[in-house]
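Visitor: Make a model of this:
(one chain, ligands or ions: 1)
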Amino acid sequence: MRNAIDHLGRLTELRDRDLLDLSLLQSIRDLVRPLSVTLYRAAEGDPPRWGSRLKLVTQLLADQVGEAAPQVEFDGLPALDEHPARAQCLARGERQRVAGPPAWTGFPMMAGGRVVGVLETDTRYPLTREEAALITGMLQVFGNFQALLDYSERDTLTGLLNRKSFDTAFFKLLADGQGADPGIEERRRGQGRAVHWLGVIDIDHFKQVNDRHGHLIGDEVLLLVAQLMNSSFRVSDRLYRFGGEEFVVLLRGATEAEALQAFDRFRLAVQAFSMPQVGSITISAGVTQLRAGDTPSAAFERADRATYHAKNQGRNQVWSHEALVRQGSLQDDDKTGGVELF
Ligand SMILES: Nc1nc2c(ncn2[C@@H]2O[C@H](COP(=O)(O)OP(=O)(O)OP(=O)(O)O)[C@@H](O)[C@H]2O)c(=O)[nH]1
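Guide: Now for the predicted structure:
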């Protein structure tokens with residue numbers, strides 16, 4: 001028991017979601033010694049899908065982290081209904097068992113009254129009643145803690161991330177190497193390299209929606225736009241509402257063409273959707289690639305300038321800041337801490 005409380009103490013010191021998940025699995029591995037323990041997180045969206053998978057495999061001599069990258073591409077994940085007991089655990093919010101061997105037990109992960117994932121163990125023998133109760137108890141504390149974190153990090157209207165957690169995510173993405181643009185030469189030469197992107201999305205003529213239909217309907221439009229974002233962008237992308245009718249996306253590893261395509265797919269999804277009472281609305285968006293030494297405000301400003309350009313050109317369009325610089329429509333006053341580039 002003392003051991004379990006120590007683990008919980010360490011868990012609730014963490015604020016980083018990925019570390020938190022990893023630490024939960026390590027605690028369960030240390031307390032129950034399963035052959036493996038895996039955490040599947042469900043993602044928002046229609047159709048429903050798995051958002052990430054994190055697995056710890058216990059070996060005889062060493063503990064090996066298997067598939068440890070918490071951000072797993074959606075394409076690499078199994079289908080939601082591939083494992084019927086796992087799918088049932090998610091749908092019913094109840095523990096499920098498969099006799100094995102190895103014995104399989106699936107525990108629903110709850111947060112804020114919703115099932116948000118499934119934690120599963122493979123064990124040589126079926127879990128004892130005490131072991132199952134221990135895991136259930138840890139998941140309860142973990143779920144409550146996550147709901148508290150969600151409350152402080154999420155926008156209450158749309159459920160998207162709020163501005164508060166943006167800077168940390170931004171710097172984490174930059175540090176992840178692959179995303180940082182190495183410099184102007186690369187930017188000039190080609191647009192074929194996968195980097196990370198920041199996009200600003202702004203609803204067109206949103207003031208008219210409020211003026212004509214009232215704030216409540218305006219709020220519903222914001223909520224529906226957030227839902228369209230959830231189903232249109234990848235699970236590995238981070239979606240924010242910065243306030244008002246302004247949304248921000250951190251897009252992982254994409255070329256310029258792919259980034260523009262992702263935002264254009266979203267633009268078309270919004271245009272095609274009929275909002276109750278309001279009908280069709282449109283959005284304008286601007287994207288920019290993250291650079292070495294970038295800051296959240298510098299990147300945001302570049303994307304915002306591209307959005308402003310989209311508005312000026314008639315709205316309902318997506319522009320990349322880099323393309324606008326190439327064609328001479330915008331100046332690149334680089335604020336990443338380096339030399340003035342143009
Ligand atoms: N319903 C609702 N409206 C909001 C919220 N936050 C900001 N707004 C409204 O969003 C509108 C933003 O309008 P503007 O910035 O003038 O821009 P716009 O009408 O969207 O026009 P363009 O951006 O130029 O296409 C204002 O009317 C704000 O009152 C909110 O949380 N809910």
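Visitor: what does the stretch 201-342 of the chain have sitting close to the ligand?
Guide: The interface of the stretch 201-342 of the chain toward the ligand, taken as C-beta under 6 Å from any ligand atom, is made up of 202-207, 210, 215, 218-219, 222, 244-245, 311, 315. Using the backbone N, CA and C atoms, a C-beta is placed for each residue, glycine as well.
Visitor: residues contacting Pro101?
Guide: Counting by C-beta atoms under 8 Å, 6 or more residues apart in numbering, Pro101 touches Arg124.
Visitor: Please indicate which of the residues of the stretch 201-342 of the chain next to the ligand are buried?
Guide: Buried residues within these, counting neighbours by 16 or more other C-beta atoms under 10 Å: 202-204, 206, 210, 218, 222, 245, 311.
Visitor: possible to save the residues you listed as JSON lines with secondary structure and pLDDT?
Guide: Output for those, formatted as JSON lines (DSSP: H, G, I helix; E, B strand; the rest coil; pLDDT from 0 to 100):
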{"residue": "Asp202", "secondary structure": "strand", "pLDDT": "97"}
{"residue": "Ile203", "secondary structure": "strand", "pLDDT": "96"}
{"residue": "Asp204", "secondary structure": "coil", "pLDDT": "96"}
{"residue": "Phe206", "secondary structure": "helix", "pLDDT": "94"}
{"residue": "Asn210", "secondary structure": "helix", "pLDDT": "94"}
{"residue": "Gly218", "secondary structure": "helix", "pLDDT": "95"}
{"residue": "Leu222", "secondary structure": "helix", "pLDDT": "96"}
{"residue": "Glu245", "secondary structure": "coil", "pLDDT": "88"}
{"residue": "Lys311", "secondary structure": "helix", "pLDDT": "97"}
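Visitor: neighbours of Leu157, just the number please.
Guide: By other C-beta atoms under 10 Å, the residues close to Leu157 number 12.
Visitor: shouldn't it be in contact with Val221?
Guide: No - assessed by C-beta atoms under 8 Å, Leu157 is found out of contact with Val221, at 10.8 Å.
Visitor: list the contacts for the residue in the stretch 151-300 of the chain that the ligand sits nearest to?
Guide: Going by C-beta to the nearest ligand atom, the ligand is nearest to Gly218 of the stretch 151-300 of the chain, at 2.6 Å. Residues near Gly218 by C-beta under 8 Å, 6+ apart: 206, 209-210.
Visitor: Identify the residue nearest the geometric centre of the protein.
Guide: Arg238 (3.9 Å; C-alpha atoms, centre = their mean).
Visitor: what's near enough to touch it?
Guide: So Arg238 contacts 161, 169, 249-250 (C-beta under 8 Å, 6+ apart).
Visitor: Kindly report the same for Trp319.
Guide: Contacts of Trp319 by C-beta under 8 Å, 6+ apart are 285-287, 306-307, 309-310, 313.
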